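[1] give the three-dimensional model of this entry:
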Amino acid sequence: MSSQLGIGVPVPKFLPVTGTWTLPFVAYLSFLSHRVVFDRLNSKQWIGDRSSPGKDRDELEVDSRAHANFLENVPLAFTLAAVAELNGANRKYLNYAMAALFALRLLHAELGIKREESMGFGRPAGFWGTQGWLIGVAGYSAYLVKGYWGY
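    Reported below is the predicted structural model:
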């Protein structure tokens with residue numbers, strides 16, 4: 001698997017697994033972003049994340065938090081996945097891990113935060129699953145480079 005530089009020098013494709021998963025994650029991020037924009041347009045609330053102060057459940061706030069939470073976790077996850085992949089992670093396992101992360105992020109937002117009272121079963125499952133994912137992939141990355149530390 002390689003491409004050619006302009007002078008015909010073969011260059012391997014780096015990060016094919018991580019690169020593959022950019023499309024679904026960016027598509028979902030775009031979906032979350034559009035939700036926030038539509039809420040802003042409907043409420044004419046151009047700044048801040050509450051469209052109607054005093055209400056217990058504010059859709060702009062809920063959608064803003066779902067969007068922000070995605071952005072708080074996914075960039076670090078992609079960095080960890082890229083580090084693992086560059087250090088020789090099993091691509092099959094890494095694909096499964098990225099699929100699991102995508103499912104966890106969907107669970108957290110769609111079956112968690114977006115549910116009535118923002119506490120569907122997906123919220124704790126998505127949160128704890130994502131935290132476990134981050135710790136697991138970080139540990140796997142450390143394991144992959146254990147020789148560097150003399151073990």
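
[2] buried residues in the helix or strand hosting residue 61, which are they?
    In the assignment (DSSP states H and E), residue 61 maps to helix 59-86. Neighbour counts using 16 or more other CB atoms under 10 Å place 59-67, 69-70, 73-74, 77-78, 80-85 of helix 59-86 among the buried residues. Every C-beta, even on glycine, is put in place using the N, C-alpha and C of the backbone.

[3] same thing with stretch 106-125?
    Buried positions in stretch 106-125, judged by neighbour count with 16+ other CB under 10 Å: 106, 107, 108, 109, 112, 113, 114, 120, 122, 123, 125.

[4] just the CA trace of that stretch, in CSV.
    Only the C-alpha atoms of stretch 106-125 are listed here, as CSV (Å, rounded to 0.1, in the frame of the first residue of the first chain):
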residue,chain,number,x,y,z
LEU,A,106,-23.7,7.9,19.6
LEU,A,107,-25.0,6.2,22.7
HIS,A,108,-23.9,9.1,24.9
ALA,A,109,-25.6,11.8,22.8
GLU,A,110,-28.6,10.1,21.2
LEU,A,111,-29.6,7.7,23.9
GLY,A,112,-28.3,9.7,26.8
ILE,A,113,-28.1,13.5,26.6
LYS,A,114,-30.9,13.9,24.1
ARG,A,115,-33.3,11.8,26.1
GLU,A,116,-35.9,13.4,28.4
GLU,A,117,-34.1,14.8,31.5
SER,A,118,-30.8,14.1,29.7
MET,A,119,-30.3,10.8,31.5
GLY,A,120,-31.0,7.9,29.2
PHE,A,121,-29.1,4.7,29.7
GLY,A,122,-26.7,5.8,26.9
ARG,A,123,-25.2,8.6,28.9
PRO,A,124,-23.5,6.6,31.6
ALA,A,125,-22.8,3.8,29.1
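
[5] quick one on the thing from earlier: tell me the mean pLDDT over the helix holding residue 61?
    What helix 59-86 shows for mean pLDDT is 92.
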